[in-house]
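Asker: no sequence on this one, just coordinates:
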């Protein structure tokens, strides 16, 4: 009996009943240029991609869409949180420099994205997945007790280290378990981004509007300005709840690609079978399939002569870092058309990366100041308008996911229209002569910017 037959027999009892999926029937398209990464790793990864494609989109992937969406939820919620609390914080901590709170936060986000992104290739996706939201929740709750601006900024920096790991790690987890036919859902995943801003605004509105010192106060005692603290406590508690769901309720299967890259082929195959079982199916993938792919790639272990792959932690990190080598950068400018396209994407990312966080960081301050100019700059009005902006952003993510699949529009057309529209609406908003006009133009911006960001992230 062949190894594949034995493997199928071994899984016949514990995999449960369900249609058998054949790896050889699925053929995913490899978009990575030949020789760009370790050929043995690439060959084995193609086999695992085919195995996931053969299993198809099922219950496991849809549940993963929800739990990884929690990471996207947190990724947009917390940058918005600092913007939401900024006006009452500055009212309480007189003389503080508001931009330093955002600086501390962005430093934390930078460290978190780098640390968790590379770390997930060393200790696995599950560790990062299971700990980031806990870090956010614990230090957010601690921040609610801050007695000065410096302490608050320090706590924001630490909670942001947790936040920074969510988007790169959760996106990788979702894509590595999602069949190629449904990877457009990465665009739709940005709906959780919109929900993050919406939930934050909804909870902040009653708390900050009713438990804050007036923005015109010359002095503000802590006991009169508890709204922002209640809000941060609530958001921290929500993160603990979401962490509990990800840790205790949903049992994430470690990424088969990560396991394969660390030389644990048997465990990688086992997890593919577990995903299939979760979806009510069975898979015929075996370790023999991975070995055969490695043989075709031409790599062999120096000592045993068996197909080989460097499975050390260092090699796992290098496979990630290789994506950013200068050879890969040069390939982006190999032709005139590629150079033009790459340059546009880099410029778009640079400008959006600057404008989007700045907008969300200071939108509450902006609404308050402009509202005062228009004669209706109350705290209640400011946070009500923020809720409306957040509601408008939700359908933007959904519509963006639909537009990218249209044959004559696609990702390029959708991104072009959304980006141009976003800029136009922001410019026009400067012509507003009353609060309603200002809100209307910013609602249009909120809608198109959510389309733009979801498509841009999925494209690149």
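Answerer: Perfect, thanks for sending it. All values reported here derive from a predicted model rather than from experimental measurement. Residues are numbered from 1 along each chain as shown.

Asker: next, find the distance separating the residue nearest the centre of the chain from residue 178.
Answerer: For the chain, residue 167 is the residue whose C-alpha lies nearest the centre (Cα atoms, centre = their mean; 2.5 Å). Separation of residue 167 from residue 178 (Cβ to Cβ, to the nearest Å): 16 Å. For glycine as for every other residue, the C-beta is placed from the backbone atoms N, C-alpha and C.

Asker: in this structure, what residue spans correspond to strands?
Answerer: 20-21, 282-283 (DSSP state E).

Asker: go through the ones you listed and find the least confident stretch.
Answerer: With a mean of 66, strand 20-21 has the lowest mean pLDDT of those.

Asker: picking that back up, let me know how buried the closest residue to the residue nearest to the centre of the chain other than its chain neighbours is, in neighbour terms.
Answerer: Once flanking residues are discounted, residue 167 sits nearest to residue 75: 4.7 Å by Cβ to Cβ, 6 or more residues apart in numbering. Neighbour count for residue 75, taken as other Cβ atoms under 10 Å: 24.

Asker: equivalent analysis for residue 43, please.
Answerer: 21.

Asker: same question for residue 86.
Answerer: 22.

Asker: quick check: it touching residue 363?
Answerer: No - Residue 86 is beyond contact range of residue 363, at 9.7 Å (criterion: Cβ atoms under 8 Å).

Asker: any idea how many residues pack against residue 176?
Answerer: 17.

Asker: same question for the one 10 residues further on.
Answerer: Around residue 186 there are 22 other residues, counting by other Cβ under 10 Å.

Asker: please apply the same query to residue 146.
Answerer: Residue 146: 18 neighbours (other Cβ under 10 Å).

Asker: close enough to count as contact, it and residue 152?
Answerer: Yes - counting by Cβ under 8 Å, residue 152 is a contact partner of residue 146 at 3.9 Å.

Asker: distance of the closest residue to residue 119 other than its chain neighbours from residue 189?
Answerer: Among residues not flanking residue 119 along the chain, residue 128 sits closest, at 6.2 Å (Cβ to Cβ, 6+ apart). With distances taken as Cβ to Cβ, residue 128 is found 17 Å from residue 189.

Asker: identify the residue nearest residue 139 in space, chain neighbours excluded?
Answerer: Nearest non-adjacent residue to residue 139 (Cβ to Cβ, 6+ apart): residue 159, at 4.0 Å.

Asker: ok, the one you found - contacts?
Answerer: 78, 108, 135-136, 139-140, 143 (Cβ atoms under 8 Å, 6 or more residues apart in numbering).

Asker: at 7 Å what do you get?
Answerer: 78, 135-136, 139-140, 143 (Cβ atoms under 7 Å, 6 or more residues apart in numbering).

Asker: and if you look at residue 388?
Answerer: Counted by Cβ under 7 Å, 6+ apart, residue 388 has contacts 439, 443.

Asker: so where is this protein shaky, pLDDT-wise?
Answerer: 1-18, 20-37, 299-329, 331, 372-373, 375, 377, 458 (pLDDT under 70).

Asker: grab the longest helix from it for me.
Answerer: helix 336-374 (DSSP state H).

Asker: return the distance of that helix from the chain's centre.
Answerer: 18 Å (Cα atoms, centre = their mean, to the nearest Å).

Asker: ok so, going back, ok, the residue nearest to residue 119 - contacts?
Answerer: 116, 119-120, 165, 169.

Asker: for ChimeraX, write the select line for the buried members of these.
Answerer: Of these, the buried ones can be selected in ChimeraX as follows, counting by 16 or more other Cβ atoms under 10 Å:
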select :116,119,120,165,169
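
Asker: next, residue 281: phi, psi?
Answerer: The phi/psi pair for residue 281 (degrees, to the nearest 10) reads phi -130, psi 180.

Asker: export the contacts of residue 159 to CSV and tack on neighbour count and distance to residue 38?
Answerer: Shown next, in CSV, are the contacts of residue 159 (neighbours: other Cβ atoms under 10 Å; distance: Cβ to Cβ, whole Å):
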residue, neighbour count, distance to residue 38
78, 26, 36
135, 20, 32
136, 30, 34
139, 22, 38
140, 27, 40
143, 26, 43
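
Asker: now the longest helix of the chain: buried residues?
Answerer: 342, 348, 352, 356-357, 359-368, 370-371, 374.

Asker: check which helices and strands that helix sits against.
Answerer: helix 59-92, helix 379-403, helix 435-459 (3 or more Cβ pairs under 7 Å, 6 or more residues apart in numbering; DSSP states H and E).

Asker: nearest to residue 271, of those helices?
Answerer: helix 59-92 (10.6 Å; Cβ to Cβ).

Asker: can you give me the buried ones in the closest one?
Answerer: Buried residues in helix 59-92 (16+ other Cβ under 10 Å): 60-61, 64-65, 67-92.

Asker: relative to residue 187, how far out is residue 404?
Answerer: 6 Å.

Asker: quick one, which of these two is more surrounded?
Answerer: Taking other Cβ under 10 Å, residue 404 and residue 187 do not tie; residue 187 has more neighbours (26 against 23).

Asker: need the contact list for that one.
Answerer: Counting by Cβ under 7 Å, 6+ apart, residue 187 has contacts 400-401, 404, 454-455, 458.

Asker: most neighbours among these, please name it.
Answerer: Counting by other Cβ under 10 Å, top hit in the contacts of residue 187: residue 454 with 30 neighbours.

Asker: so what's that one closest to, chain neighbours aside?
Answerer: residue 190 (3.3 Å).

Asker: count of neighbours near that neighbour?
Answerer: Around residue 190 there are 28 residues (other Cβ under 10 Å).

Asker: give the contact list for it.
Answerer: Residue 190 touches 72, 397, 450, 453-454, 457, counting by Cβ under 7 Å, 6+ apart.
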